[in-house]
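[1] Need the 3D shape of this:
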Amino acid sequence: MLDPYPRLILVKGIGIFSTGPTFKDAKIAMDVGLNSLSVILQAAKFGEF
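    Residues are numbered from 1 along each chain as shown. This next block holds a predicted model:
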């Protein structure tokens, strides 16, 4: 079952923070979040996302 809790916290002007029940889970959440952000930024170059 997927975890329903948010794992990324975006703080305007400061950055992105990740959380999780373990350090490993928090690192995975950050990796997925940064990868998603990269894809969104690259897609935005082609037009609206």
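[2] What does the residue nearest the centre of the chain show for phi and psi?
    Nearest to the geometric centre of the chain sits residue 33, at 2.1 Å (C-alpha atoms, centre = their mean). In terms of degrees, to the nearest 10, the main-chain angles of residue 33 are phi -60, psi -40.
[3] what about this structure, any weak spots by pLDDT?
    Applying pLDDT under 70 to the chain picks out residues 48-49.
[4] re earlier: quick one: neighbours of the residue nearest to the residue nearest to the centre of the chain when sequence neighbours are not counted, just the number.
    Leaving aside its sequence neighbours, residue 33 sits nearest to residue 8 (C-beta to C-beta, 6 or more residues apart in numbering; 4.5 Å). Yep, even glycine has a C-beta here, placed from its N, CA and C like the rest. Neighbours of residue 8 under the rule other C-beta atoms under 10 Å: 16.
[5] Residue 8 pairs with what?
    Beta-bridge partners for residue 8, by DSSP bridges, are residue 18.
[6] who's in contact with the residue nearest to the centre of the chain?
    Counting by C-beta atoms under 8 Å, 6 or more residues apart in numbering, residue 33 makes contact with 7-8, 16, 18.
[7] The same query, at a cut-off of 7 Å, please.
    For residue 33, the contact set (C-beta atoms under 7 Å, 6 or more residues apart in numbering) comprises 8, 16, 18.
[8] Quick one: the strands in this protein, in order.
    Here the chain has its strands, by DSSP state E, at 8-11, 15-18.
[9] would a markdown table of these with distance to residue 47 be doable?
    Below are the strands of the chain laid out as a markdown table (distance: least, C-beta to C-beta, whole Å):
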| stretch | distance to residue 47 |
| --- | --- |
| strand 8-11 | 23 |
| strand 15-18 | 25 |
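[10] I appreciate the help and will end here.
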